[in-house]
Structure formats: C-alpha cells, structure tokens
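Q: From the sequence below, what's the structure:
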Amino acid sequence: MSTTRQPPPGEFGPEPDGAGTAATTSDARVRSLVLAGASGVVPLARDFTRQALYDWGWLPAATADRRAAAEDVLLVVSELVTNACLHAEGPEGLRVAQTAKVLRLEVADRGTGQPAPRTPHRAGRPGGHGMFIVQRLCLDWGVVRTPGAAGKTVWAELAAPS
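A: So this is what the prediction gives:
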C-alpha cells in the first residue's frame, strides 16, 4: 500500500483529510458499474472492464506487451471484486478511470476489514494470493474510507500502455 502519496479521489468518496486532487484533465476516461445486488459480479466486472479497454483502444492489442497490460487489468479487477465478495460483504460498485499514463480501478464495498497481502506469501498453497497479485502487478494500491460511512473503496493503479 502506498505510504508516499495520496491518489486522486474517485466517485466513491473523498480522500481522508481532503488529500489528493480530482482528475480534471480532458483526456480522462471514466466508467462506473453498480454491482450491489447483482449476481455473477466477477465475470460482470471483467466484461465491463474489457469493454472499456476495447472502447479506449487497449484491445485488440497490437503487441504482446499491450495484450499483457490488458490481461493484467482484467486480473486485478477479478482479484479486487473477488476479495470484496469473500471478505467485505460484497462489492457495491466498480469504477474504471484512465488518463494518459495510468488506469485506476476502484471497488467500493461494505466491509470494515483492511486488505493486505498475506505474509509470508506461500506460492504453493491455494488461496490468499489476491492482494499479493495486486501488489505485484500495480504501480500502487490502497484503501479509502469516508468518515462516518460504512465500507471502503479499494483502489489500484496500473500503467497505461505506451
């Protein structure tokens, strides 16, 4: 988790203590999906994100590196939504935002827990790899909580392909 900087806030609530600044650049692209009460939320979130990647020109990928970048995004979406299902009373929503350099994923949920990679990480054991994968694939990730409100938003940022 980031300890060096505060990311810009998303639609799911302000940063604590007013930190961060909203992305106001004209090149920002944003998509939001309500997941509360939906069934099959992991494939729904992946399909929604895949469509955004097609619309934004990430897919179809012209090179292996661009294809890998898109697959990393879809894997991180799967991990964040799955964690919300397993550990946080289910996801409320998904937000996907892209600027020229970064793609930001945000999953809002109703949970009170604090996601963290399991340590020590044991690659040979089933389960418990979600946040380790997120940590390895992303530039940064973290949690935003709104004081006085239930739940949290878990965010992750990946580099946009060049």
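Q: Pull out the CA atoms of stretch 90-101 and give them to me as PDB.
A: Provided in PDB are the C-alpha atoms of stretch 90-101 (Å, rounded to 0.1, in the frame of the first residue of the first chain):
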ATOM      1  CA  GLY A  90     -19.900  -7.900  -1.400                       C
ATOM      2  CA  PRO A  91     -19.000  -5.200  -3.900                       C
ATOM      3  CA  GLU A  92     -21.100  -2.000  -4.200                       C
ATOM      4  CA  GLY A  93     -19.500  -0.700  -7.400                       C
ATOM      5  CA  LEU A  94     -16.600  -0.700  -9.800                       C
ATOM      6  CA  ARG A  95     -15.000   2.500 -11.300                       C
ATOM      7  CA  VAL A  96     -12.500   2.300 -14.100                       C
ATOM      8  CA  ALA A  97     -10.700   5.600 -15.000                       C
ATOM      9  CA  GLN A  98      -7.900   6.100 -17.500                       C
ATOM     10  CA  THR A  99      -5.600   9.100 -18.000                       C
ATOM     11  CA  ALA A 100      -2.700   9.200 -20.500                       C
ATOM     12  CA  LYS A 101      -0.400   7.400 -18.100                       C
END
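Q: mind listing what's buried in it?
A: G90, P91, E92, G93, L94, R95, V96, A97, Q98, T99 (16 or more other Cβ atoms under 10 Å). Any C-beta I mention is one placed from the backbone N, CA and C, and that applies to glycine too.
Q: pLDDT of that stretch, averaged?
A: In this model, stretch 90-101 carries a mean pLDDT of 96.
Q: Show residues contacting it.
A: 10-12, 23, 25, 27-36, 41, 45, 48-49, 52, 56, 77, 81, 84-85, 103-110, 151, 159-160 (Cβ atoms under 8 Å, 6 or more residues apart in numbering).
Q: repeat for stretch 150-158
A: By Cβ under 8 Å, 6+ apart, stretch 150-158 touches 7, 10, 12-13, 69, 72-73, 76, 80, 83-84, 88-89, 92, 102-112, 115, 134, 137-145.
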